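**Student:** got a predicted structure plus its sequence, pasted below:
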Amino acid sequence: MTEYSLEFSEKLTEAAQFVVDDGLDSLDAKRTALYLSQLSCEISLKALLERAGVPVAKIKARWHNLSELLQDLCACKVEEQIGNELRWIPATSIRAQTVDERFMNTVGSILEAEAQGASKYPNEVRYGYSLNQYPPELWLKTAKTIIVLARKRWDSIRA
């Protein structure tokens with residue numbers, strides 16, 4: 001049995017989608033959708049790292065740091081068809097995956113938002129009077145994008 005579950009991550013996005021669909025008129029609604037989406041990103045990244053063969057102790061040592069989890073994932077390799085042959089290449093393509101064409105947001109720019117002054121996940125997202133973060137809808141799209149990428153790479157990733 002694995003420690004981290006992609007199915008759990010999917011359920012988190014479903015719950016976040018419910019909150020978004022219900023309306024983001026209050027700070028609590030925004031905070032809830034944002035937190036669920038970021039938690040989904042965290043669990044998806046951890047599940048993919050575990051699948052790649054990264055020791056669970058190393059994954060746990062990253063706590064909730066989305067930027068460091070992304071960094072660890074980019075250090076993994078994925079199997080890719082290049083010309084007529086399959087090759088193992090760095091998994092850095094996840095960083096550049098576009099989440100929203102309108103603003104050219106990428107998975108990397110969103111997961112590394114704290115370096116630009118965004119509220120720190122999870123504590124500053126769960127607590128306090130203000131929230132400085134990308135919109136919850138964009139985080140939800142990011143969580144869904146990571147799940148799609150994880151499913152695509154599930155059988156072709158290694159540490």
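**Tutor:** Received it, and whenever you're ready, just let me know what you need. Numbers count the residues shown, from 1 in each chain.

**Student:** quick check, W88 in a strand?
**Tutor:** Yes: counting by DSSP: H, G, I helix; E, B strand; the rest coil, W88 is located in a strand.

**Student:** mind listing what the residue lying closest to it once chain neighbours are set aside touches?
**Tutor:** Leaving aside its chain neighbours, W88 sits nearest to K77 (4.3 Å; criterion: Cβ to Cβ, 6 or more residues apart in numbering). To be clear about C-beta, it is placed using only N, CA and C from the backbone, and glycine gets the same treatment. For K77, the contact set (Cβ atoms under 8 Å, 6 or more residues apart in numbering) comprises 88-91, 157-159.

**Student:** show me which of the residues you listed are buried.
**Tutor:** By neighbour count, with 16 or more other Cβ atoms under 10 Å, these hold 91, 157, 159 as buried.

**Student:** just the closest of those to V54, please.
**Tutor:** A159 (4.9 Å; Cβ to Cβ).

**Student:** contacts only, for that closest one.
**Tutor:** A159 sits in contact with 49, 52-54, 75-77, where contact means Cβ under 8 Å, 6+ apart.

**Student:** report pLDDT for the residue most central in space within the chain.
**Tutor:** Nearest to the geometric centre of the chain sits C41, at 2.7 Å (Cα atoms, centre = their mean). We have a pLDDT of 98 for C41.

**Student:** I'd say it and A143 touch.
**Tutor:** Yes: the pair C41 and A143 passes the contact test of Cβ atoms under 8 Å, sitting 5.0 Å apart.

**Student:** tell me, what's touching these two both at once?
**Tutor:** Common neighbours of C41 and A143 (Cβ under 8 Å, 6+ apart) are S9.

**Student:** quote the end-to-end distance of stretch 96-108.
**Tutor:** End-to-end distance for stretch 96-108: 6 Å, by Cα to Cα, to the nearest Å.

**Student:** also stretch 114-129?
**Tutor:** End-to-end distance for stretch 114-129: 17 Å, by Cα to Cα.

**Student:** so for that stretch, what gets flagged as buried?
**Tutor:** So, applying 16+ other Cβ under 10 Å, buried residues of stretch 114-129: 114, 118-119, 121-122, 125.

**Student:** which of the residues you listed lies closest to R102?
**Tutor:** A118 (19.1 Å).

**Student:** S130 versus the closest one, what's the distance?
**Tutor:** Using Cβ to Cβ, to the nearest Å, A118 is found at 12 Å from S130.

**Student:** please consider this matter closed, and thank you.
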